[in-house]
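>>> All I have is the shape, not the residue letters:
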């Protein structure tokens, strides 16, 4: 596949014909002609509104692309990359652009060619026997869920909290964390098709051998394992991947572990680690503190506080009333058990036994039978317009337990608007409400000491800069946690934005100094990450130089 | 760290003093001087016997190193690599050199500097709380097992069948397959310390940040994941790694699944896949065919057959008698369940339910209580010299179930001498008996069709070339199998060796043509692997060139 030379008769004719040429800035006319010489008109978009729309962010800095390219297939991605290389432009691929709190769809530099892969949204294959699917980058978790349901096949995918429109591959490329046995999503995917910076193709694992029967079921292949290179980097563009699915279990049971006080959080951490290490619990447990949960129910009470101080400090009684109104405890942890009825019963018994070590812990188990009952009761109550507050709470539980079973929801995004002054649309996109949101997600060993240390550090910086300390702790594997702190701010207020940035930067620097390194970063974090492990990044840059000497793909993204 | 210039006074004095200089070939005198200039005398060995010893192989071709270097620490590895680069010599690192059937300790080229890392055998740390250990390449699985026992800590490591002297890191670097929940050994290790081809150091994951509390518990780190690059490659020398351990379970139960006929093997495969996909079974099940098991009990009956034909063809009745003598069925599959008593009971019930779909399958479960009883009975019988044959069988079961629980044994190696004419030592090293042994380990999706297809292909080539069809099938994950065929031959017989080579080459070519690619290879397989996925290997070589332009480390090993 070669670039056909631009300026051919048909292209000239096309250009003459098109009104859209007028909107193309003079400096980009050459790029525009080149693009139209190789891609259909519908794939190329210089429209100002569209570009501005994709530059919206919940972060500190928005960056606008020079042009949007919306390829429909891998070949068009290859062409676009080759063209960018020739033209000296950078490409920045986004799958769904929903990388909220980590830079959204924003490139790390202004004026890139933004490769919007959302049109490549084919579910190429679903294999029920071996429980996997093959997807393109535009496939969202909501789309896959619907597809699996509609096809009547008894498989479920792990889900993440970024809503139904979150791209599966996009999330994989950031090593997102899910909820189920397959919460380590990158670990449960394989066979990446990758467009390299020179426009050539690579298939990881056994994918390089066309028709290899095991290409969808074994990750490492033979020889060096390469797939790890393409997540959290800018070494290639993944245009297809195999994602492993789980058969629907005979029995599912959600659990909610409630702490009225923060104090026993360390003991809970220890107990959960033991349950994972013993193999009793296999899902990823996610624990939310009260402020994190509150964001899903309410907005910051601007009428009562100006937001320059954390609500815990400015109006502790008001905050407590808000928490009490929704029955929100200090911490609530949730996860699920699955298997045969007897297995789930045995796991539950063992969980209860181990969790007895956590003082004051309340444990609620909800079997699928109970959940169906709950749903039925709520529907009746709603029909009769009875107990509306109870109904809302019951609905929250339903949304969450559906989510644990692989059904993503726009509702899990509602917490992102906490300090926003605008209103989101029905898809709860935090950019629409002009939400300010950045994450700091350090990885910790699953020990009491680490959790208590990071809690203390995090709290002190959030307090100092006047933000509510909003936290989700997720189990990454049998022995590690991600301690995700979210800075919510009013993006419309420049001073508050600056405070948020200071909070982010200072806290991140402190955490890095103590060796608590984030599992993932956005543009706001990149300048800090590399200093913490110089030899690592020197090596990674060596690989970047070898593969992409001109820095065609996503400059500054991790590398 | 720089190489100090050779030829300094002390070195000259040392050289003058030493009688060993005489044994150094003239062509290597310069290398010898360089080595002695930077490393202590005890680390450098030109001794002919030692070199010949390390060139012994069960494979087709032995290759002798020019010199043995036995570093005691990472710094000495770095020095040796830098010196090799300067001198234009290649280094070939081996951890324990027990890579039997895949090239043993043999470099892929004659005349390398063999870096024998077995002296670096420190267990640097064992963390009981987070269940991991940090080891150097010389640490063997037997050593770790003993260390854990002696320290009284309630942790176990996954074990592989290569005997107690098998290096843990060496096996990791080949992505060996174990038996337990942590059978994916590479997936349960992290934080590699790597000496790069330029002598510099890299730490993967969070290891690059000294003191990072999560470095031992989280694999991916932030940014591109690099550890995958160093297994099955020649991109660096891993001098330290963190290996995840499992707490001893409350209850352990071994199972043996016995098929009298081969026919239901496909159905068994399907049932086992379902049990893994459902999460009921979490260990790796290993299934052995009768000929594979027989090798652990007997040697090839040279008195009755000349070995030019497979025993199945040459003397089927004799073979049947041999199998019957030891009660060996067509296939036996084994694995284990672990957890609380109730969990194990529930898993067992579910296993039995699903396995009912396999016609003619006999299922034997042995709880730890039963195993203790068995051991007691055998000891009594042995003391009274009663029922010796039963005792031997009981001992085999004990060895195997101990192995399933993490205790490696020299006895699991006994199958490797099947066609050897010599006698092994007490450590059952197949090189001592001059065993011929090479493996062909294609990866298959865990389906009836794939197992039946590969069985048919494998059988036909083994028959054609006159070798017994000896097979172990191992579950690599929830949906993939390794179908490991072992060609046992009499290494002392040149003709037989040639036939074995033809069998290996032809079978491998056929498997690759059908997309059944091995999960691992030895020097005998390398020339074939690359043709099956040219783009993959082109990419991998690009990385090699970037990191090791002069090809200092292990030329031809995978790359």
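Happy to help now that I have it. Remember, predicted model here, so these are calculated numbers, not experimental data.

>>> How is chain A partitioned into domains?
For chain A, automatic domain parsing gives the domain ranges A:9-118, A:123-247, A:251-524.

>>> Mind listing what's buried along the lengthiest helix in chain A?
For chain A, the helix that runs over the most residues, judged by DSSP state H, is helix A:494-513. For helix A:494-513, a neighbour-count test (16 or more other CB atoms under 10 Å in any protein chain shown) marks A:496, A:497, A:499, A:500, A:501, A:503, A:504, A:505, A:507, A:508, A:511, A:512 as buried. No exception for glycine: its C-beta is placed from N, CA and C like everyone else's.

>>> do stretch A:534-543 as well
For stretch A:534-543, by 16+ other CB under 10 Å, it's A:536, A:537, A:539, A:540, A:542, A:543.

>>> possible to save these as JSON lines with secondary structure and distance to chain B?
Formatted as JSON lines, the buried residues of stretch A:534-543 follow (DSSP: H, G, I helix; E, B strand; the rest coil; distance: CB to the nearest CB, whole Å):
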{"residue": "A:536", "secondary structure": "helix", "distance to chain B": "3"}
{"residue": "A:537", "secondary structure": "helix", "distance to chain B": "7"}
{"residue": "A:539", "secondary structure": "helix", "distance to chain B": "5"}
{"residue": "A:540", "secondary structure": "helix", "distance to chain B": "6"}
{"residue": "A:542", "secondary structure": "helix", "distance to chain B": "6"}
{"residue": "A:543", "secondary structure": "helix", "distance to chain B": "6"}
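
>>> Looking at the buried residues of helix A:494-513, which one is closest to chain B?
Nearest to chain B among the buried residues of helix A:494-513 is residue A:512, at 7.5 Å by CB to the nearest CB.

>>> pLDDT score assigned to residue A:18?
Here the pLDDT value assigned to residue A:18 is 48.

>>> still on that earlier bit, would you list the buried residues of helix A:494-513 in JSON lines and tack on pLDDT and distance to chain B?
JSON lines is the format used below for the buried residues of helix A:494-513 (pLDDT from 0 to 100; distance: CB to the nearest CB, whole Å):
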{"residue": "A:496", "pLDDT": "98", "distance to chain B": "28"}
{"residue": "A:497", "pLDDT": "97", "distance to chain B": "25"}
{"residue": "A:499", "pLDDT": "98", "distance to chain B": "25"}
{"residue": "A:500", "pLDDT": "98", "distance to chain B": "21"}
{"residue": "A:501", "pLDDT": "98", "distance to chain B": "20"}
{"residue": "A:503", "pLDDT": "98", "distance to chain B": "20"}
{"residue": "A:504", "pLDDT": "98", "distance to chain B": "16"}
{"residue": "A:505", "pLDDT": "98", "distance to chain B": "17"}
{"residue": "A:507", "pLDDT": "98", "distance to chain B": "16"}
{"residue": "A:508", "pLDDT": "98", "distance to chain B": "12"}
{"residue": "A:511", "pLDDT": "98", "distance to chain B": "10"}
{"residue": "A:512", "pLDDT": "97", "distance to chain B": "8"}
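
>>> Just send the residues you listed back as a markdown table, with distance to residue A:349 too.
Formatted as a markdown table, those follow (distance: CB to CB, whole Å):
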| residue | distance to residue A:349 |
| --- | --- |
| A:496 | 49 |
| A:497 | 50 |
| A:499 | 49 |
| A:500 | 46 |
| A:501 | 49 |
| A:503 | 44 |
| A:504 | 44 |
| A:505 | 47 |
| A:507 | 41 |
| A:508 | 42 |
| A:511 | 38 |
| A:512 | 42 |
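
>>> And what about the residue in the stretch 1-150 of chain A positioned nearest to chain B, helix, strand or coil?
Closest residue of the stretch 1-150 of chain A to chain B, CB to the nearest CB: residue A:130 (4.9 Å). Remark: residue A:130 carries the secondary structure label coil [criterion: DSSP: H, G, I helix; E, B strand; the rest coil].

>>> among the domains of chain A, which is the most enclosed?
Among the domains of chain A, ranked by average contacts under mean count of other CB atoms under 10 Å in any protein chain shown, first place goes to domain A:123-247 (a mean of 23).

>>> can you give me the end-to-end distance of that one?
Chord length of domain A:123-247, first to last residue, is 18 Å (CA to CA, to the nearest Å).

>>> now the angle between helix A:494-513 and the longest strand anywhere in chain A, please.
Identified as the longest strand of chain A according to DSSP state E is strand A:480-490. Counting by axes from the mean of the first three to the mean of the last three CA atoms, to 10 degrees, strand A:480-490 lies at 160 degrees to helix A:494-513.

>>> Does strand A:480-490 reach chain B?
Yes - between strand A:480-490 and chain B, judged by CB under 8 Å from any CB of the partner chain, the touching residues are residue A:480.

>>> Which secondary structure state is assigned to residue A:436?
strand.

>>> same deal with residue A:253?
Going by three-state DSSP: residue A:253 is strand.

>>> ditto for residue A:256
Applying three-state DSSP: residue A:256 is strand.

>>> tell me which residues form a beta bridge with it?
Here residue A:256 sits in beta bridges with residue A:334, residue A:364, as judged by DSSP bridges.

>>> ok, it touching residue A:336?
No - using CB atoms under 8 Å as the test, residue A:256 is too far from residue A:336 to be in contact (10.3 Å).

>>> ok, now which ones touch residue A:147?
By CB atoms under 8 Å, 6 or more residues apart in numbering or on different chains, residue A:147 lies in contact with A:123, A:126.

>>> could you redo the last one with a cut-off of 10 Å?
A:123, A:126, A:133, A:135, A:139, A:153, A:157 (CB atoms under 10 Å, 6 or more residues apart in numbering or on different chains).

>>> residues touching the last one, list them.
Okay, so that is residue A:157. A:131-133, A:135, A:141, A:144-145, A:147-148, A:168, A:178, A:180, A:182, A:185, A:188, A:243-246, A:406-408.

>>> Show me where chain A dips below the pLDDT cut-off.
A:1-23 (pLDDT under 70).

>>> Now list whatever residues contact both of residue A:256 and residue A:336.
A:365, A:366, A:401.

>>> I'd guess the second one is in a helix, am I close?
Read it as residue A:366. No - counting by three-state DSSP, residue A:366 falls outside a helix, being strand.

>>> Chain neighbours aside, what residue packs nearest to it?
residue A:254 (4.7 Å; CB to CB, 6 or more residues apart in numbering or on different chains).

>>> now the last one
The spatial neighbour of residue A:401 that comes closest, neighbours along the chain excluded (CB to CB, 6+ apart), is residue A:254 at 4.4 Å.

>>> surely the one you found meets residue A:348?
No - using CB atoms under 10 Å, residue A:254 makes no contact with residue A:348, being 11.2 Å away.

>>> shared neighbours, these two?
Counting by CB under 10 Å, 6+ apart, the residues touching both residue A:254 and residue A:348 are A:337, A:365, A:367.

>>> For chain B, tell me which of those show up nearby.
Filtering those for proximity to chain B by CB under 10 Å from any CB of the partner chain leaves residue A:337.

>>> out of the shared contacts of residue A:254 and residue A:348, who's nearest residue B:207?
residue A:337 (33.8 Å; CB to CB).

>>> isn't that closest one right next to residue A:254, touching?
Yes - with contacts counted by CB under 10 Å, residue A:337 reaches residue A:254, the gap being 8.2 Å.

>>> what sits against residue A:360?
Contacts of residue A:360 by CB under 10 Å, 6+ apart are A:258, A:259, A:260, A:261, A:263, A:264, A:267, A:268, A:330.

>>> how much space between the closest residue to residue A:309 other than its chain neighbours and residue A:489?
Using CB to CB, 6+ apart and skipping residues adjacent in sequence, the residue nearest residue A:309 is residue A:466, 4.7 Å away. Distance, residue A:466 to residue A:489, by CB to CB, to the nearest Å: 9 Å.
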